[in-house]
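**Student:** Next input, structure requested:
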Amino acid sequence: MKKIVWALFLLLCTVSFAAAAGASTETPVKGEAEPSSGTAPVEGMDWKDEPSAIPRTFEHQPPLIPHTIHEYETTTSRNDCLDCHRTGADAPATPPHESHYLDRDGKAGETVAAQWYFCTQCHVGQVDAKPLIENTFQGK
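**Tutor:** Numbers count the residues shown, from 1 in each chain. Below you'll find the model as predicted:
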């Protein structure tokens, strides 16, 4: 029963994400060049198109995505993030944390576990924006 509920939850998240993505007025075309630095993922915000990470603003904050992802596809059968972010010596980008391979029962698997599969539910793009409220947290 728990697996069915979890599967329905993931399906609902996928449908909600797809609906939100479809609501955009700008539809990217496959093969289209990535936007240049300064293209705003959020109106009025500047995209941080650089490989350096922005310091985290709160404890246990997931790392921010330091590149554009507007053409990346994440569905129940495909996750473009994992093309580069994979384990192994030939991985061109940082692999997912070891916790991402643990299922909800704590058992390690060969692939990223279902609850970690949709990367953008936790990891977001970097934007040069002022915090909404004052924050005194100092990252490590």
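**Student:** where are the low-confidence patches of this structure?
**Tutor:** 1-3, 5-54, 140 (pLDDT under 70).
**Student:** what's the spacing between Glu73 and Asn135?
**Tutor:** For Glu73, the distance to Asn135 equals 34 Å [Cβ to Cβ, to the nearest Å]. The way it works is simple: take the backbone N, C-alpha and C, and place the C-beta from them, glycine included.
**Student:** Show me which of those two is the more surrounded one.
**Tutor:** Counted by other Cβ atoms under 10 Å, Glu73 and Asn135 do not tie: Glu73 has more neighbours, with 12 against 9.
**Student:** residues touching that one, list them.
**Tutor:** Contacts for Glu73 (Cβ atoms under 8 Å, 6 or more residues apart in numbering) come out as Asn79, Asp80.
**Student:** ditto for Ser77
**Tutor:** Applying Cβ under 8 Å, 6+ apart, no residues contact Ser77.
**Student:** burial measure for Met123, as a count.
**Tutor:** One thing to correct before we go on: residue 123 is His, not Met. Residues near His123, counting by other Cβ under 10 Å, number 16.
**Student:** Over to Thr74?
**Tutor:** Thr74: 20 neighbours (other Cβ under 10 Å).
**Student:** Name the nearest residue to it, ignoring sequence neighbours.
**Tutor:** Setting aside the residues directly before and after it, Thr74 is nearest to Phe118 in space (Cβ to Cβ, 6 or more residues apart in numbering), at 5.7 Å.
**Student:** Alright, calling it a day.
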